[in-house]
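Colleague: take this sequence and fold it.
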Amino acid sequence: MKKIISLILSVVMVFSIGSVVFNVNAFAESEAPVVPETPEVNVNVDTGAIMDELSFWVGSLGFESMKFPSSAEQFTDMLLKFLYGIVDKLIDVVLKAINSVVPSVDFADKDTYVNDQFYPGMDEYLATPAPGAVWSVGYGSGSIQTGNELDGNHYVGGSLSFPDPKTATAVYDDQRVRCVALNDGSGRGTIVIAVVDGFGLSNTDVAGIRAQLADFAAEKNIVGINISVLHQHSCIDTFGMNGDLLKMVVTNPAANVANKLFGGDYKLLDGRNPAFMENLYNVTTDAIKTAVNTMEEGKIYYSTTDVEDLIREKRDPYVVDTDLHRFRFVPEDGGRETWIVNSSIHCVGNGAAGTEVTGDYPYYMEQVINERENANFMMVLGAELALSSDYSPLELPEETSSIDGINAYGTELATRLIEDSTPEVEVAPLLNYKMAQYYVPVTNQILLFAGKLGAISNTVVGLDASDREAEILTEIGYLEMGTDLAIVLVPGELEAAIAFGGCLGAEESWTYEDFAYPSMQEVVGEDKKLIVFGLMNDQVGYILPDNEFKSLLAGENEEIVAAGNRAGSSTIEAFISLMDSIEK
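Modeller: Numbering: from 1, shown residues only. Next up, the predicted model:
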């Protein structure tokens with residue numbers, strides 16, 4: 001019944017929106033679909049011409065591989081998708097028209113822009129540990145809160161502040177940065193991984209923190225500084241998109257005009273508090289220095305804990321990494337351990353629209369691990385595109401508050417991690433690390449509009465003089481720990497099927513096409529276990545397989561905050577190229 005209702009609504013939307021869109025003359029000449037002229041009546045019907053015309057329309061909507069339906073249900077699905085596609089195209093025309101005239105920030109020029117804070121990684125690849133190799137690990141952590149979070153000038157990430165400004169109204173617990181420094185004793189340098197409690201962090205901010213560490217990195221032979229977020233939908237906004245939308249739409253275009261006409265430097269509004277971000281930079285810088293300066297020798301052990309029953313997947317193809325991955329560093333002198341945990345579970349326990357600040361379940365995991373094991377803790381998110389928590393195994397009372405639910409969930413994860421009897425394996429002291437820059441095409445006109453407003457801080461480069469076409473410059477990386485563990489560093493929220501395999505084929509996919517790429521696991525090789533470190537060094541949004549980029553009207557939300565329908569292919573292509581560049 002839902003599909004039939006959606007079908008009827010789609011037909012209504014097609015005719016309603018169509019009557020408006022085809023009168024947008026300013027943009028329709030170059031971008032609107034060509035409407036074929038009404039043919040003269042002719043009893044000799046040219047079926048070939050009709051099929052050619054139909055093929056044009058099908059092709060323009062992205063369904064080049066559409067097949068004839070084999071059942072009534074499939075026919076309904078195909079027709080619904082086809083109508084959704086028409087509406088999407090019409091909406092796209094309207095948004096392109098708006099984006100072509102909105103006063104915009106100046107994007108960097110792709111041909112000339114250089115990121116001078118990019119770390120390419122290690123020059124030499126080692127297949128086995130160097131003679132006398134030993135792990136050295138350091139840990140640093142600090143609070144990024146300033147104490148002013150309830151002053152009415154701090155927005156909370158997770159959803160747009162519309163129609164009411166979504167400023168913080170309560171602080172349940174701390175918001176921190178945690179980081180580790182790693183060195184394998186081979187003389188090839190130290191790498192740093194830091195994780196911030198926040199909704200997102202752009203590559204521009206990562207570069208800013210790296211700049212503050214430039215002299216220190218050169219002195220300490222640091223060959224990689226990687227910064228991620230835990231993507232809590234309940235922390236002070238560190239990305240920018242969660243500010244007062246109405247104010248941004250009204251104020252920022254005017255500021256862009258003034259800046260261009262008068263050479264001014266009028267500040268653009270976004271969701272970030274300048275003092276909070278300055279403190280984040282400084283605390284992260286100090287925590288990284290602490291981690292590097294406190295490195296000590298020891299051993300690393302790896303294990304996994306299955307938590308499948310605590311994970312909920314919201315969309316197909318239902319590929320899930322159900323493990324908590326733990327790297328446990330044990331100092332040689334018997335001092336405090338450091339645990340690096342990888343989880344593929346969204347931090348959305350307080351909802352996306354709340355105004356209370358909480359570090360979500362990782363904060364409560366840390367409390368348990370600190371207390372019971374006297375260990376340092378850092379979590380890195382994995383391939384968590386549409387994965388969220390499932391509280392049902394906890395059997396919580398109905399009246400349980402959201403914060404108590406988050407506490408119980410984090411406590412359960414930590415308890416399982418501590419008490420799991422799965423054998424650990426020692427990780428050989430071997431670290432291989434390589435990074436590459438690549439471009440993600442921005443085909444999502446909503447995200448492009450946000451970029452033109454200055455509401456996001458990603459490094460956006462324009463492809464033409466009017467910035468009608470743009471790409472995001474970002475990074476992808478490959479990290480090996482030991483001889484059989486491979487980690488891919490991904491700059492967004494990855495669909496797990498791209499990493500581990502299982503993308504939908506042409507028969508089941510939204511576009512009726514295959515995603516014609518090997519999985520990241522296949523690229524790495526079956527002799528190594530693949531782990532994903534997501535949202536690393538950038539937040540380019542959701543990274544979906546191209547053939548599963550659905551209509552904005554399909555009831556999903558990932559497409560709205562994705563760079564576009566080529567994020568998946570551009571990311572796997574960049575990873576393949578990176579792996580090909582490594583001389584093993």
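Colleague: buried sites along the helix or strand containing residue 209?
Modeller: If you go by DSSP states H and E, residue 209 is part of helix 203-212. Within helix 203-212, the residues scored as buried using 16 or more other CB atoms under 10 Å are 203, 204, 205, 206, 207, 208, 209, 210, 212. From N, CA and C alone the C-beta is placed, and that goes for glycine too.
Colleague: closest to residue 508 among those?
Modeller: Lowest distance from residue 508 to these (CB to CB) belongs to residue 203, with 34.0 Å.
Colleague: which non-adjacent residue is nearest the closest one?
Modeller: Spatially, and ignoring its direct neighbours in sequence, residue 203 is nearest to residue 538 (4.0 Å; CB to CB, 6 or more residues apart in numbering).
Colleague: distance of that neighbour from residue 552?
Modeller: In this view, residue 538 and residue 552 are 23 Å apart by CB to CB, to the nearest Å.
Colleague: any idea how many residues pack against the residue nearest to residue 203?
Modeller: 28 (other CB atoms under 10 Å).
Colleague: contacting residues around it?
Modeller: Shown in contact with residue 538 (CB atoms under 8 Å, 6 or more residues apart in numbering): 201, 202, 203, 206, 458, 472, 474, 475, 491, 492.
Colleague: what packs against the longest helix along the chain?
Modeller: If you go by DSSP state H, the chain has its longest helix at helix 72-101. Contact here means 3 or more CB pairs under 8 Å, 6 or more residues apart in numbering; DSSP states H and E; on that basis helix 72-101 packs against helix 2-21, helix 25-31, helix 445-453.
Colleague: lowest-confidence stretch among these?
Modeller: Lowest mean pLDDT of these: helix 25-31, a mean of 30.
Colleague: hang on, the earlier thing: contact partners of the helix holding residue 209?
Modeller: Helix 203-212 has contacts (CB under 8 Å, 6+ apart) with 115-119, 217, 225, 227, 238, 277, 281-282, 284-285, 288, 457-459, 473-475, 491, 537-538.
Colleague: just the buried ones from these?
Modeller: 115, 117-119, 217, 225, 227, 238, 277, 281, 284-285, 288, 457-459, 473-475, 491, 537-538.
Colleague: which of those residues fall in helices?
Modeller: The members of these that map onto helices under DSSP H are 217, 277, 281, 284, 285, 288.
Colleague: show me which of those residues is closest to residue 97.
Modeller: residue 277 (33.6 Å).
Colleague: for the nearest residue to that closest one once chain neighbours are set aside, give me its contacts.
Modeller: Closest residue in space to residue 277, ignoring its immediate chain neighbours: residue 238 at 6.9 Å, by CB to CB, 6+ apart. Contact analysis of residue 238 by CB under 8 Å, 6+ apart lists 157, 196, 198, 199, 200, 201, 205, 229, 272, 276, 277, 280.
Colleague: now residue 345
Modeller: Contacts for residue 345 (CB under 8 Å, 6+ apart) come out as 307, 310, 311, 361, 381, 384, 387, 388, 389.
Colleague: can you rerun that using 10 Å?
Modeller: 307, 310-312, 320-322, 324, 360-362, 379, 381-382, 384, 387-390, 409, 413 (CB atoms under 10 Å, 6 or more residues apart in numbering).
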